[in-house]
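Q: fold the following.
(one chain, ligands or ions: 1)
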Amino acid sequence: MSKRRSIKPMFSLSPVLFRNSDIAGRGVFARRRFEPGEVVVPYAPRQRRVPAGSAEASTASHTKLTLLSGDQVIIPDTAVPGGWLCNHSCEPNATLYASGEGRIQCLRPISPGEEVTIFYGWVSENEPHRDPCHCGSPRCRGFINFDVTDGDAAHVEIIDGPQAVMDDVVRARFEEYGVFLRSIGQEQVEEAIIQTLARMKGRSAVR
Ligand SMILES: [Zn+2]
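A: Predicted structure coming up:
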């Protein structure tokens, strides 16, 4: 509009800072306050996209940094910092959305200086102690991953939906985790657990 408005500031502060974290490695830190729903940082400012199911997508998935976005897989260029550096917390203040280019969005108010954390929602198979958690939250569960064992799968039936029907032997543990997930707004992880169980059941069926 006016000429004055078109003049660029001499420098602009990025809304986040990437630096070493007490949780693990480098983390993402807020430089200003964020309100719920605001985009905090793009997942990967520089990225490549490859078709889901391609050999390249499969190889890149070992980094645990790839995101499934529609029928494509986003592979971050790790030379450029971004939301892919967010650490996990058992009480996250942000959420990762994989749609489009991928973004980290504020879940509850974040203060300047606070580390921006997301919930990884990793589901492991027969590796209960795979990913120790150091998030420091009073609600920390000790591990990032929720583990599903062959023993669990034996007590579960998968029906159309898919839905998992479980007997009393394992129900309490899964229900407790479901209540926890809903309390931090991460109920989508239940879907990942059911998918994992379905895959394990399918695998055992063909044995
Ligand atoms: Zn934790």
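
Q: just how off-centre is the strand or helix carrying L181 within its chain?
A: Assessed by DSSP states H and E, L181 sits inside helix 168-183. Relative to its parent chain, helix 168-183 has a centroid offset of 19 Å by Cα atoms, centre = their mean, to the nearest Å.

Q: show me what it is packed up against.
A: On a contact count with 3 or more Cβ pairs under 8 Å, 6 or more residues apart in numbering; DSSP states H and E, helix 168-183 meets helix 150-154, helix 188-205. C-beta coordinates here come from the backbone N, C-alpha and C atoms, glycine included.

Q: per-residue pLDDT, the most centrally placed residue in the chain?
A: Residue closest to the average C-alpha location in the chain (Cα atoms, centre = their mean): Y120, at 3.0 Å. pLDDT, Y120: 94.

Q: tell me the contacts of it?
A: Each residue near Y120 by Cβ atoms under 8 Å, 6 or more residues apart in numbering is listed here: 88, 131, 144.

Q: so which of these sit within strands?
A: H88 (DSSP state E).

Q: highest neighbour count among the contacts of Y120?
A: I144 (22 neighbours; other Cβ atoms under 10 Å).

Q: which residue sits closest to it, ignoring its sequence neighbours?
A: Distance criterion Cβ to Cβ, 6 or more residues apart in numbering; nearest residue to I144, sequence neighbours excluded, is D131 at 3.9 Å.

Q: E56 versus that neighbour, what's the distance?
A: To E56, D131 is 25 Å away according to Cβ to Cβ, to the nearest Å.

Q: swap in D152?
A: 33 Å.

Q: settle it for me: which of the two has more neighbours?
A: More crowded of D152 and E56, by other Cβ under 10 Å: D152, with 21 against 13.

Q: ok, the more buried one - contacts?
A: Taking Cβ under 8 Å, 6+ apart, we find D152 in contact with 170, 173-174, 197.

Q: shouldn't the residue nearest to I144 be in contact with F143?
A: Yes - contact criterion Cβ atoms under 8 Å: D131 and F143 qualify, at 5.8 Å.

Q: which residues are common contacts for the two?
A: Counting by Cβ under 8 Å, 6+ apart, nothing touches both D131 and F143.

Q: pull the residues that contact stretch 160-178.
A: Residues from elsewhere that reach stretch 160-178, judged by Cβ under 8 Å, 6+ apart: 146, 151-152, 155-159, 187, 190, 193-195, 197-198.

Q: flag every buried residue along that stretch.
A: Applying a neighbour-count criterion of 16 or more other Cβ atoms under 10 Å, the buried positions in stretch 160-178 are 164, 166, 170, 174.
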